[in-house]
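1. sequence isn't available, so here's the structure alone:
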């Protein structure tokens, strides 16, 4: 049985039948659990440092900016 099918069955058979207030409490607990979970490592923006540097190899930064400005002025 796939995970999605199992989740659908649990929802239909056990969660959907609960009163609205109970389902809202369950939703809040799930949201809290997902935001505090240690399942995924915390990511840092610094992990992107240097990414794509090879794409800019041999390109003069000032010439690139000048080209962009010329394109903007042409519009």
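-> All right, it came through fine. All values derive from a computational prediction rather than experimental measurement.
2. just give me how far stretch 68-75 sits from the chain centre.
-> 33 Å (CA atoms, centre = their mean, to the nearest Å).
3. start the count at 44 instead of 1 going forward.
-> In the new count, where the first residue is 44, that last one comes out as stretch 111-118.
4. distance from the top helix by length along the chain to the middle of the chain?
-> If you go by DSSP state H, the chain has its longest helix at helix 63-78. Here helix 63-78 is found 20 Å from its chain centre; the criterion is CA atoms, centre = their mean.
5. what's in contact with it?
-> 58, 59, 61 (CB atoms under 8 Å, 6 or more residues apart in numbering). C-beta coordinates here come from the backbone N, C-alpha and C atoms, glycine included.
6. which residues of the protein score low on pLDDT?
-> 44, 80-84 (pLDDT under 70).
7. so which residue is dead centre in it?
-> residue 86 (11.2 Å; CA atoms, centre = their mean).
8. that residue sits in which helix or strand?
-> Residue 86 belongs to no helix or strand when assigned by DSSP states H and E.
9. quick check: it vs residue 64, distance?
-> 36 Å (CB to CB, to the nearest Å).
10. which stretches of this structure form helices?
-> 46-53, 63-78, 104-117.
11. and the ones you listed as CSV, adding distance to residue 94 and mean neighbour count?
-> Listed next are the helices of the chain as CSV, based on distance: least, CB to CB, whole Å; neighbours: other CB atoms under 10 Å:
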stretch, distance to residue 94, mean neighbour count
helix 46-53, 32, 10
helix 63-78, 27, 10
helix 104-117, 17, 9
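12. nearest to residue 91 among these would be which one?
-> For these, proximity to residue 91 was assessed by CB to CB; helix 104-117 is nearest, at 18.6 Å.
13. who are the packing partners of that closest one?
-> Helices and strands touching helix 104-117, by 3 or more CB pairs under 8 Å, 6 or more residues apart in numbering; DSSP states H and E: there are none.
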